[in-house]
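Colleague: model this:
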Amino acid sequence: MAILINENTSIIVQGVCTRKGQLLLADMLDYNSNVCAGVCYMNKQIKEVRGVPFYRHLADAVHDFSAINVSLIASSAYDVLNHAIEAMECGIKIIIIHTASIPLKDVMLIRQEAQKHQCLVLGPDSAGITHPDLGMVGSMGGIHALSIFKKGNFGVISRSNGLINELSIALKNNGLGISTAVSLGTEKIPFSDYVDIYKYFQEDDDTKAVILLGTAGGRMEEHFADYYSQLENPKAVVAFIAGRFVDDLQTGMSFGHISSIVEGGSGKPKYKIKKLEGVGVRVVDFISDIPQLLMQ
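Modeller: Okay, here's the model as predicted:
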């Protein structure tokens with residue numbers, strides 16, 4: 001069993017004719033994911049790639065492939081709002097936005113529409129969802145995805161795209177694996193948070209424990225700690241918070257990803273760690289510490 005994606009997942013790529021869309025399509029097909037079709041908003045000359053047909057309009061693709069239930073959006077930043085709403089109006093309930101640097105006004109409008117249509121949206125700048133041996137929506141591990149992900153019993157929720165790959169290698173080297181890995185996206189205002197995805201893992205029989213990969217900045221980890229403290233029988237959670245050097249920087253500095261913004265004490269790694277440990281979450285110093293802790 002997997003969360004969010006399974007053997008019945010049918011994927012469409014919106015913005016498939018962009019450079020990023022072509023790379024994502026290739027990565028998913030190489031991982032044997034079920035990509036039904038793509039929407040090509042720009043180039044009328046490209047009709048298909050590797051047997052995947054391209055359409056000018058999403059509604060036409062959904063008409064021909066009624067099983068489509070997941071959309072991956074790789075459109076330009078200023079087109080994402082229209083394309084995300086288009087997907088929601090076509091009845092697609094899981095939308096992954098790979099595009100980064102979307103205008104904040106558009107992000108808030110997408111959040112409102114997602115709530116109205118009861119859709120789960122990941123991103124912006126989400127690497128997607130991976131269920132080893134079953135499928136991948138997005139791109140984790142790039143050309144090495146088939147070799148670094150091993151099927152197992154540990155769920156992963158991450159704010160960092162790169163840390164998922166590092167964790168997967170560490171788990172595999174110790175004979176462990178992942179049930180499902182979910183990338184929330186790296187931007188300041190995400191569409192979904194740790195709590196949203198943890199609820200799915202809490203109900204998944206194949207997931208024994210959950211790994212949170214956090215970063216400096218924002219309050220998502222603190223919000224999760226508040227939620228976790230109220231659960232009666234929660235699944236065990238192990239966490240790693242990257243960017244501890246931020247604790248020594250002056251307040252208000254931002255760096256790297258747009259999500260890495262610290263305001264006062266809130267958002268600093270040491271504060272996140274204190275809150276997580278206070279509710280029973282085990283926080284490790286290094287990614288390499290996680291496999292040994294899980295085996296205990």
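Colleague: Look at residue 14 and report its pLDDT.
Modeller: Note for residue 14: predicted pLDDT of 98.
Colleague: could you list every residue that touches it?
Modeller: With contacts defined as C-beta atoms under 8 Å, 6 or more residues apart in numbering, the neighbours of residue 14 are 38-39, 41, 58, 71-75, 83, 86-87. Using the backbone N, CA and C atoms, a C-beta is placed for each residue, glycine as well.
Colleague: same question, residue 128
Modeller: Residues in contact with residue 128 (C-beta under 8 Å, 6+ apart) are 72, 96, 98, 122, 136-140, 183.
Colleague: Next, format the contacts of residue 14 as a markdown table and append secondary structure and pLDDT.
Modeller: Output for those, formatted as a markdown table (DSSP: H, G, I helix; E, B strand; the rest coil; pLDDT from 0 to 100):
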| residue | secondary structure | pLDDT |
| --- | --- | --- |
| 38 | strand | 97 |
| 39 | strand | 97 |
| 41 | coil | 89 |
| 58 | helix | 97 |
| 71 | strand | 98 |
| 72 | strand | 98 |
| 73 | strand | 98 |
| 74 | coil | 98 |
| 75 | coil | 97 |
| 83 | helix | 98 |
| 86 | helix | 98 |
| 87 | helix | 98 |
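Colleague: So which of the residues you listed wins on neighbours?
Modeller: residue 72 (31 neighbours; other C-beta atoms under 10 Å).
Colleague: Show me what that residue bridges to in the sheet.
Modeller: Applying DSSP bridges to residue 72 gives these bridge partners: residue 13, residue 96.
Colleague: one step back: ok, so of the contacts of residue 14, who is nearest residue 19?
Modeller: Among the contacts of residue 14, residue 74 lies closest to residue 19 (C-beta to C-beta), at 8.9 Å.
Colleague: Surely that closest one touches residue 12?
Modeller: No: contact between residue 74 and residue 12 fails when scored by C-beta atoms under 8 Å: they sit 11.1 Å apart.
Colleague: gap between the residue nearest to the spatial centre of the chain and residue 195?
Modeller: Centroid-nearest residue in the chain, with C-alpha atoms, centre = their mean: residue 183, separated by 2.0 Å. Using C-beta to C-beta, to the nearest Å, residue 183 is found at 16 Å from residue 195.
Colleague: Kindly report the same for residue 28.
Modeller: Taking C-beta to C-beta, one finds residue 28 at 28 Å from residue 195.
Colleague: And those two? Which one has more around it.
Modeller: residue 28 (23 against 14).
Colleague: The more buried one belongs to a helix, doesn't it?
Modeller: Yes: counting by DSSP: H, G, I helix; E, B strand; the rest coil, residue 28 is part of a helix.
Colleague: Could you check what's spatially nearest to it, not counting adjacent residues?
Modeller: residue 35 (5.3 Å; C-beta to C-beta, 6 or more residues apart in numbering).
Colleague: So what sits opposite the one you found in the bridge?
Modeller: The partner residues for residue 35, given DSSP bridges, come to residue 11.
Colleague: What pLDDT does the model give it?
Modeller: At residue 35, the model reports a pLDDT of 98.
Colleague: what sits against it?
Modeller: Contacts of residue 35 by C-beta under 8 Å, 6+ apart are 11-13, 25, 28-29, 52.
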